[in-house]
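[1] Got a predicted structure here, sequence first:
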Amino acid sequence: MTDSEIKQDLDNAESDYLVVGKMGSTYGVQGWLKILSYTEKVNNILGFDPWYIEDGVNWKAVHIEESREHGKGIIVKFAGLNNPETARLWSGKKIAILRSQLPALPKNEYYWSDLKNLTVIDQHGKTLGKIIYLIETGSNDVLVVKGDKEYAIPYLPGRVVKDINLDDGVMHVDWEAI
């Protein structure tokens, strides 16, 4: 395999995974770890099994032995992690799931991860750039689009967001770039 083929293969493998959290610090003397969940509700992360933990360039499947709420977060115990010294080796590692583990959404609903990297085109046919991330606000979510400039576009389906085509990688918006 050439370097280019290896990179493409890794990129394809990476796109099969969705990072949903991160291992935090150890808790107690029996190998428990605090979990930083990126899911909308902190406990939603516990609904996925297995989790995949970054292991260098690969992802390693792991299963939770026990879990419980702890303050505003959660702590988990994995098989084989029986002391804080061993558990500490996992601190800071990303937690992912396979995209296929996500529940199917109704028509015209999207996961944020599906919107990232879409090309955004305004009502005049001008390409504004690509969605680099989204921000949750109290009133509505905001798409951060980077092209020649960086734009913060409200995610308002039907009003601002006119069409999303995941197959073509494009989002059409009715929004004036200033």
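    On my side now, so go ahead. Since we're looking at a predicted model, the values are computed, not measured.
[2] C-alpha from now on. contacts and neighbour counts both.
    Will do.
[3] Parallel or antiparallel, list what pairs with the strand ranked longest in the chain.
    Secondary structure of the chain per DSSP state E: the longest strand is strand 17-27. Strand 17-27 has the following sheet partners, assigned by DSSP bridges: strand 32-37 (antiparallel), strand 94-98 (antiparallel).
[4] The residue nearest the centre of the chain bridge partners, please.
    Closest residue to the average C-alpha location of the chain: residue 19 at 4.4 Å, with Cα atoms, centre = their mean. For residue 19, the residues forming beta bridges with it (DSSP bridges) are residue 96.
[5] how close does it get to residue 29?
    27 Å (Cα to Cα, to the nearest Å).
[6] Same check on residue 57?
    29 Å.
[7] cool, residue 131 as well?
    Residue 131 sits 43 Å away from residue 29, taking Cα to Cα as the criterion.
[8] same question, residue 132
    40 Å.
[9] So if I had to pick from these two, which one is more boxed in?
    Remark: of residue 132 and residue 29, residue 132 carries more neighbours, 16 against 11, as counted by other Cα atoms under 10 Å.
[10] what sits against the more buried one?
    Going by Cα atoms under 8 Å, 6 or more residues apart in numbering, residue 132 touches 116, 117, 143, 144, 145, 146.
[11] again, 6 Å this time
    Residues near residue 132 by Cα atoms under 6 Å, 6 or more residues apart in numbering: 116, 117, 144, 145.
[12] What does the most far-flung residue of the chain relative to its centre show for phi and psi?
    Most distant residue from the mean C-alpha position of the chain: residue 124, 31.3 Å away (Cα atoms, centre = their mean). Residue 124 adopts backbone torsions of phi -100, psi 0, taken as degrees, to the nearest 10.
[13] Same question for residue 46.
    Dihedral angles for residue 46 - degrees, to the nearest 10 - are phi -70, psi -10.
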